[in-house]
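> pasting the structure only:
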């Protein structure tokens, strides 16, 4: 009842993807892909010397994107009740404010060892763990922070619960890093005022680009360090041995999600070995129970983010996912490995892997992609392509939700 009253007078920030109906983790990932692809379709001019060494030549380059993942230490336990009380004062409704204040204030904590009890201490920070209101109060607490970060030009900030991601558009590192350092400095100051502590050791960054030979995409001499709370953040770029992970999805520098698809197939293969040991044995489960187990335990790994992988991944990654899904079908149906994947899926009464991606992608388009995306093409092209429909834009590699 209290939560309904709160949501009646207050709406969570549109860039907060957690604790909201019709919002998922993959939607935040889809927004990241949209921002990166939108920046790639926005070109700028650069004058470079000719190969002959005589004069300069005008070139066109797409904008780059810098992603910074910020981690807060014990975010839910660091909420200052005094700051939250000031935010609640701006919410309309006397009864709703009174209910929320009664929920927060007047709480005490004590320790017990055996039959001995410690002194009562008032709880001046944090929200009750496991409560229904706790996540929404945290979303209300960081609402001004998201407003601040999204007010900077060329900067977009998203949150899923307490996981903050900052997207910065730039022509080069020399352009994007100073802007990001300024934003991180404002973030650090605002976090200290509100009692939130940034954990620099868990902060990561990624530099998304398509080129492998552009020297401005690298900082080999360390001229442009990315700093937050006095500590330097490593930036992943082309040739990096490790990838940056956002909401369980591995992000490669080109943002094709090929690495994510390969790792999901590897994780599914580990799960495949478990039901394979008990499949088609005299004392094993019935085919119906085995099918339910395989779909829920094995195929669930492949379904996570499948609509994004099928939108931007290469054909090799998609084929690998299809082969893994067909292996699950062969375990259920008991057909040999020589049977083609379509027949194995038919025998197992399992849908194709693309059907999950199409269903989830069409649901996203119906609920969120109401604004038509219009990209700025390469200025060197003398003709313009006709806009692609929403369904074709999803099924192709140019799926960029608005």
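Noted; the coordinates are in hand. The shown structure was predicted, so the numbers you read here are calculated from the model rather than taken from an experiment.

> going by C-alpha atoms from here, please, whenever you check contacts or count neighbours.
Noted.

> quick one, strands of the stretch 301-402 of the chain?
Applying DSSP state E, counting those that start in this stretch to the stretch 301-402 of the chain gives no strands.

> so where's it shaky on pLDDT?
Scanning the stretch 301-402 of the chain for pLDDT under 70 picks out the ranges 353-402.

> all helices for it, in order.
Using DSSP state H, counting those that start in this stretch, the helices of the stretch 301-402 of the chain run over 306-312, 315-333, 341-348, 353-367, 390-395.

> ditto for the stretch 1-150 of the chain
Using DSSP H, counting those that start in this stretch, helices in the stretch 1-150 of the chain cover 2-9, 25-40, 81-88, 94-104, 134-141, 143-149.

> which one of these lies closest to residue 304?
Closest to residue 304 of the helices of the stretch 1-150 of the chain, according to C-alpha to C-alpha: helix 25-40, at 7.9 Å.

> pull out the buried positions in stretch 303-322.
Going by neighbour count (16 or more other C-alpha atoms under 10 Å), the buried part of stretch 303-322 is 303-313, 317-318, 321-322.

> now stretch 1-16
Residues of stretch 1-16 classed as buried: 6, 12, 13, 15, 16 (neighbour count, 16+ other C-alpha under 10 Å).

> next: stretch 171-186.
Using 16+ other C-alpha under 10 Å as the test for burial, stretch 171-186 gives 171, 172, 173, 176, 177, 179, 180, 181, 183, 184, 185, 186.

> show me how far that stretch is from its chain's centre.
21 Å (C-alpha atoms, centre = their mean, to the nearest Å).

> could you do stretch 227-242 as well?
The answer for stretch 227-242 is 18 Å, by C-alpha atoms, centre = their mean.

> quick check: end-to-end length of that stretch?
One end of stretch 227-242 sits 20 Å from the other (C-alpha to C-alpha, to the nearest Å).

> which parts of it are buried?
227, 228, 233, 235, 236, 237, 238.

> tell me which two of the residues you listed sit farthest apart.
Farthest-apart pair in the buried residues of stretch 227-242 is 228 and 238; separation 22.6 Å (C-alpha to C-alpha).

> go through the buried residues of stretch 171-186 and flag which are in helices.
173, 176, 177, 179, 180, 181, 183, 184, 185, 186 (DSSP state H).

> switch those residues over to JSON lines; also include distance to residue 35.
Converted to JSON lines, these look like this (distance: C-alpha to C-alpha, whole Å):
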{"residue": "173", "distance to residue 35": "17"}
{"residue": "176", "distance to residue 35": "15"}
{"residue": "177", "distance to residue 35": "17"}
{"residue": "179", "distance to residue 35": "17"}
{"residue": "180", "distance to residue 35": "16"}
{"residue": "181", "distance to residue 35": "20"}
{"residue": "183", "distance to residue 35": "18"}
{"residue": "184", "distance to residue 35": "19"}
{"residue": "185", "distance to residue 35": "23"}
{"residue": "186", "distance to residue 35": "22"}
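
> what's the closest of those to residue 194?
Among those, and counting by C-alpha to C-alpha, the member closest to residue 194 is residue 186, at 12.4 Å.

> for the closest one, give its distance to residue 86.
21 Å.

> cool, residue 100 as well?
Distance, residue 100 to residue 86, using C-alpha to C-alpha: 12 Å.
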